[in-house]
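Asker: Quick one, structure for this:
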Amino acid sequence: MTQTSKPVPHHNCLLEPRDSASERSERLNLVIVIIDSLRRDHVGAYGNDWISTPSLDSLAVESARFANIYPEALPTLQVRQSTYTGNRLFPFNNHASKKGDFVRWPGWHQVDERQVTLAEIMAHAGYRTGLVTDTYHQFKPSMNFHRGFQQFTWIRGQEADGYGSSSVMANVDLSDVIHPAFPGTPREWALRRYLANTRDRHYEEDYFAPQVFRAAMNFVEDNHRDDFLLVVDSFDPHEPWDPPPWYAEMYDPGYEGRNLIWPTYGDTDMLSAAELDHIRANFAGEVTMVDRWLGRFVDKLRDLNVLDDTLLVVLSDHGMSLNERGVIGKYEEQIYPELTDIIMLIRDPSGTGAGQVVDEYAYDHDVLPTVLARLGLEPPLPVDGIDLAPAIAGGSTGRDYVTCCFGQYLQYQAPDWWYITRRDGSEPRLYDRAADPDLRTNIAASEPERCAEIYARLEADAGGEFSEITPSQLRREGEWYHQA
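Answerer: Prediction:
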């Protein structure tokens with residue numbers, strides 16, 4: 001189920017370990033692991049006490065753990081573009097959707113040809129560059145997120161990836177995995193596609209996260225004697241949430257109801273309490289499965305004697321609403337902590353930052369300048385992100401607040417305030433974080449001056465204004481298009 005840029009020979013699995021660091025180049029390798037939809041509050045090292053994440057927890061002990069890392073733009077592709085380029089997509093002022101994709105979020109498009117990516121920079125510096133991912137949005141016809149990677153592996157079949165024919169599932173009974181309100185909707189079509197993509201799956205190794213991390217292990221085996229960049233991008237625990245049954249049973253033993261692996265994006269009124277509990281258990285089960293295979297990948301780095309020659313970064317892209325506010329899904333108007341609170345761990349083989357908690361505000365587009373500085377490289381063009389090394393050492397990023405955009409909505413947060421509004425400043429929501437830590441009481445009507453002040457900060461981050469994003473900009477380019 002993989003595709004690569006060109007066949008790569010696989011050698012005997014009993015590989016000799018890499019020479020020790022003292023016997024080879026002093027250059028460090030770089031491994032970046034992106035985990036989709038992983039909420040900060042679902043990881044033990046970040047305070048969760050009911051989901052098993054031993055690999056992430058162990059890694060956190062050896063890493064600088066960022067407690068206030070946030071995406072600057074949402075959702076999936078926006079985060080990857082920020083991470084790969086070191087530049088902000090906020091505020092989507094020049095957005096234009098492309099043909100070849102069914103997603104219309106502002107900012108959802110290919111990497112700008114005028115920008116230079118991390119992979120391009122490191123390939124130019126002589127590193128072997130590799131990408132392993134099942135985040136299928138990156139390899140749609142109009143996208144170019146594998147630019148600069150000399151070797152790339154696409155794990156096919158996630159979500160609505162056009163891999164298997166949905167016609168083979170046309171007559172399959174979906175009653176156990178779909179809510180009665182769904183038949184005839186696009187959600188049913190997507191679920192049929194997904195089941196077609198995964199119909200031959202049998203063992204745990206056939207699931208997507210194991211495939212991703214096994215392919216990453218293969219890359220390291222093939223390239224472990226070279227200096228390399230490897231980006232490992234796992235779409236799990238993104239929905240559909242269907243880990244092997246024993247993972248869900250860890251968190252909801254004895255459940256006998258519908259296994260709603262792809263619940264509705266919307267109100268949860270139609271779901272029973274037992275169904276909601278099981279949906280959360282499925283999500284938690286996928287988190288644990290990803291953690292387990294991440295651990296096996298880290299063990300492979302250690303077995304091949306490259307872990308301590310490697311700068312390792314693990315981060316997530318965004319979270320997921322799980323009925324905290326009566327909905328399940330990722331909604332642009334719901335830019336609350338359940339969507340924006342992500343993780344980032346940076347393990348430096350020198351031990352710098354090990355066990356440190358970095359409380360300073362950081363963004364995903366800080367990753368590129370941070371890792372390049374550590375590797376002794378410079379971006380050929382200016383970037384918006386900053387090197388986080390001073391913050392790891394106990395200094396400041398100089399940020400008093402962070403801003404984010406998702407669709408037509410903006411979000412601002414500072415230690416005291418959380419603010420959400422439409423691009424034009426309408427529909428403001430303001431929360432006093434000290435008095436209302438769960439962000440339940442909108443006090444915007446009683447704080448118009450504060451709302452105006454915060455909106456002015458958002459405008460300043462946007463370069464002075466938010467242009468209107470029209471329906472025509474959200475349509476595909478061209479006289480006609482097909483939404484498949």
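
Asker: When you work out contacts or count neighbours from here on, use the C-alpha atoms and nothing else.
Answerer: Fine.

Asker: how about the helices of the stretch 151-300 of the chain, start to end?
Answerer: Secondary structure of the stretch 151-300 of the chain, counting by DSSP state H, counting those that start in this stretch: helices at 186-197, 208-223, 245-249, 273-303.

Asker: could I get these as JSON lines with mean neighbour count?
Answerer: Below are these laid out as JSON lines (neighbours: other C-alpha atoms under 10 Å):
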{"stretch": "helix 186-197", "mean neighbour count": "20"}
{"stretch": "helix 208-223", "mean neighbour count": "22"}
{"stretch": "helix 245-249", "mean neighbour count": "17"}
{"stretch": "helix 273-303", "mean neighbour count": "21"}
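
Asker: Dump those into TSV; add mean pLDDT as well.
Answerer: Output for the helices of the stretch 151-300 of the chain, formatted as TSV (pLDDT from 0 to 100):
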stretch	mean pLDDT
helix 186-197	86
helix 208-223	98
helix 245-249	97
helix 273-303	97
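
Asker: TSV for these, including distance to residue 366?
Answerer: Formatted as TSV, these follow (distance: least, C-alpha to C-alpha, whole Å):
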stretch	distance to residue 366
helix 186-197	34
helix 208-223	24
helix 245-249	34
helix 273-303	23
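
Asker: can you tell me which of these comes nearest to residue 313?
Answerer: Nearest of the helices of the stretch 151-300 of the chain to residue 313, taken as C-alpha to C-alpha: helix 273-303 at 11.5 Å.

Asker: That closest one versus helix 208-223: what angle between them?
Answerer: Inter-element angle recorded for helix 273-303 and helix 208-223: 10 degrees (by axes from the mean of the first three to the mean of the last three C-alpha atoms, to 10 degrees).

Asker: Which strands or helices does helix 273-303 pack on?
Answerer: Judged by 3 or more C-alpha pairs under 8 Å, 6 or more residues apart in numbering; DSSP states H and E, helix 273-303 is in contact with helix 54-61, helix 208-223, helix 245-249.

Asker: where are the low-confidence patches of the stretch 101-250 of the chain?
Answerer: The model of the stretch 101-250 of the chain has pLDDT under 70 over residues 182-184.

Asker: Can you spell out the domain ranges of the protein, please?
Answerer: Here the domain assignment for the chain is 2-8+25-400, 409-468, based on automatic domain parsing.

Asker: would you list those domains in JSON lines and tack on distance to residue 474?
Answerer: Formatted as JSON lines, the domains of the chain follow (distance: least, C-alpha to C-alpha, whole Å):
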{"stretch": "domain 2-8+25-400", "distance to residue 474": "5"}
{"stretch": "domain 409-468", "distance to residue 474": "11"}
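
Asker: what's the closest of those domains to residue 475?
Answerer: The nearest among those, by C-alpha to C-alpha, is domain 2-8+25-400 at 5.8 Å.

Asker: still on that earlier bit, pick the most buried one from the domains of the chain.
Answerer: Highest mean neighbour count of the domains of the chain: domain 2-8+25-400, a mean of 20 (counted as mean count of other C-alpha atoms under 10 Å).

Asker: where do the helices sit along the stretch 301-450 of the chain?
Answerer: Ranges of helices in the stretch 301-450 of the chain, per DSSP H, counting those that start in this stretch, are 337-340, 367-375, 389-392, 448-461.

Asker: What ranges does the stretch 351-484 of the chain have for its strands?
Answerer: Assigned by DSSP state E, counting those that start in this stretch, the strands in the stretch 351-484 of the chain fall at 357-358, 362-363, 402-406, 409-413, 417-422, 429-432.

Asker: Can I get the ones you listed in a markdown table including mean pLDDT and distance to residue 151?
Answerer: Converted to a markdown table, those look like this (pLDDT from 0 to 100; distance: least, C-alpha to C-alpha, whole Å):
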| stretch | mean pLDDT | distance to residue 151 |
| --- | --- | --- |
| strand 357-358 | 98 | 34 |
| strand 362-363 | 98 | 27 |
| strand 402-406 | 98 | 31 |
| strand 409-413 | 98 | 37 |
| strand 417-422 | 98 | 41 |
| strand 429-432 | 98 | 46 |
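
Asker: Indicate which one of those is closest to residue 122.
Answerer: strand 362-363 (21.2 Å).

Asker: What pairs with that closest one, parallel or antiparallel?
Answerer: Strand 362-363 sits in its sheet next to strand 69-70 (parallel), going by DSSP bridges.

Asker: who's in contact with the helix or strand just after the strand it pairs with?
Answerer: Following strand 69-70 in sequence order, the next helix or strand is strand 73-74 (DSSP states H and E). Taking contacts as C-alpha atoms under 8 Å, 6 or more residues apart in numbering, the residues outside strand 73-74 that touch it are 79, 82, 88, 89, 90, 91, 318, 404, 405, 406, 407.
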